[in-house]
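>>> Okay, here's the prediction I keep looking at, along with the sequence it came from:
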Amino acid sequence: MIQRSYFLALLLLLGITLVSQLFRTQLELINIALIHMVPIITIALRGNMRATMLITTLSVVLFDLLYVPPQYSFNVHDLIYIWSFILFYVVGYIITLQAQRIHAHEIKTMLLNTLSHDLKTPLSSILGNASLLLSQPKLDATTQHESLSNLYESAQRMDRLIATLLDNARLQHQQTALPKEWCDIEDLVGVAIAEFHSIEKRKRLHVHVDTPMTLFWGDGALLTRLLVNLMDNAFKYSYASRPILLRLSSTPQTIELSLCNSCAPLAQKELDAMFGHFYRLDNTADISGNGIGLAICKEIVQAHTGTIQAYNRHDGICIDVTLPLLRHPIDAIKALS
């Protein structure tokens, strides 16, 4: 998205420069200055300060070099033009700040909507089953077991949602360093599977370790959340009772995970968009979810300088994760010795 914004702003800047050069005799200098603000405003509305400052600098350089006397030099003889350059930066800075505030407000609104909707369902289930168990203490064993199972599963859903939101907040705080440690990916897979109480779900998940797994230097809690979210997504959007395959492998440079489920294929634009915040497919209104699980997965992978992608296969969809081995256990052993 940011790269597309850069491209659009640069294209606008080139187009405006071309038009200004063609009609420079008809346009006054003030009009040329105003239209050179168009790419600045365009990129500033995206809320990316670094991109805004870059485009603003390019606009100022072109405007100074081509139109401010003496032309084709960076010498400025009139102080008013210096103030014009400062105004370019002020406009870009203010619009970017406002865009960031609007974006933050939209995120907060969507987050509140998510909480009000997705917490309401498991909370209602917990209250309903707890009320049943309290009001009828002499329930038969089968009904009692079903109510307790529903209580447990609803509590797990709430726990996963809250954990996902907290992880999202931690990842958004860029100044917080990840508490990394040596992680055994196979152990983390076992911890992730344990979060799913349903025996049927566990039976559907088949784990294959293609090569001996090396230890990985990363945030164990976030990597577990990555696996839980990927599994949860696969369970939700897979055909009932169909197996789900998780493959693990490692090379001297990477750790690789691949999770494949059985479902209808998706269009490429849907595959590209599925890792965006609050994105949900149009035909999944009957499936519970908030649309941030896979977005968190992407942020966790990026926080470990890895890559994640989704693609169609002959009978479903696969999500591949590649995590680079930036530190090797043998190096740590050598350093200690």
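Perfect, thanks for sending it.

>>> Now do the strand or helix carrying residue 126: which elements does it pack against?
Per DSSP states H and E, residue 126 falls inside helix 120-135. When contacts are defined as 3 or more CB pairs under 8 Å, 6 or more residues apart in numbering; DSSP states H and E, helix 120-135 packs onto helix 141-172. (C-beta placed from N, C-alpha, C; glycine too.)

>>> What's the mean pLDDT across the helix or strand that the helix it packs on is followed by?
Toward the C-terminus, helix 141-172 is succeeded by strand 181-183 as the next helix or strand (DSSP H and E). In this model, strand 181-183 has an average pLDDT of 90.

>>> which parts of strand 181-183 are buried?
For strand 181-183, the neighbour count (16 or more other CB atoms under 10 Å) marks residue 183 as buried.

>>> residues making contact with the helix holding residue 126?
With contacts defined as CB atoms under 8 Å, 6 or more residues apart in numbering, helix 120-135 is touched by 139, 144, 147-148, 150-151, 153-155, 157-158, 161, 288.

>>> Pull out the buried members of those residues.
Buried by 16+ other CB under 10 Å: 144, 147, 150-151, 153-154, 157-158, 161, out of the contacts of helix 120-135.

>>> ok, of those, which one's closest to residue 17?
Of all those, residue 161 has the smallest distance to residue 17: 49.8 Å, by CB to CB.

>>> For the closest one, report the pLDDT, please.
Taking residue 161 on its own, its pLDDT is 69.

>>> same deal with residue 116?
On the pLDDT scale, residue 116 gets 58.

>>> Tell me which stretches of the chain form helices.
2-22, 29-35, 38-44, 49-66, 79-118, 120-135, 141-172, 185-194, 199-204, 220-236, 268-273, 293-303, 329-336 (DSSP state H).

>>> from the buried ones among the contacts of helix 120-135, which is closest to residue 53?
Of the buried ones among the contacts of helix 120-135, the one sitting nearest to residue 53 (CB to CB) turns out to be residue 161, at 37.4 Å.

>>> okay, which residue is most central for the chain?
residue 295 (3.5 Å; CA atoms, centre = their mean).

>>> Looks like it contacts residue 276 (just checking).
Yes. Residue 295 is within contact range of residue 276, at 6.0 Å (criterion: CB atoms under 8 Å).

>>> Poorly predicted segments of the stretch 201-337 of the chain, please.
Applying pLDDT under 70 to the stretch 201-337 of the chain flags the ranges 277-291, 331-337.

>>> Run a quick neighbour tally on residue 205.
For residue 205, the count of nearby residues is 19 (other CB atoms under 10 Å).

>>> For it, which non-adjacent residue is closest in space?
Nearest non-adjacent residue to residue 205, counting by CB to CB, 6 or more residues apart in numbering: residue 244, 5.1 Å away.

>>> give the contact list for that neighbour.
Residues in contact with residue 244 (CB under 8 Å, 6+ apart) are 204-206, 231, 234-235, 238, 259-262.

>>> which of these has the most neighbours?
Ranked by neighbour count (other CB under 10 Å), the contacts of residue 244 have residue 261 at the top, with 26 neighbours.

>>> mind checking how far that residue is from residue 95?
Residue 261 sits 43 Å away from residue 95, going by CB to CB, to the nearest Å.
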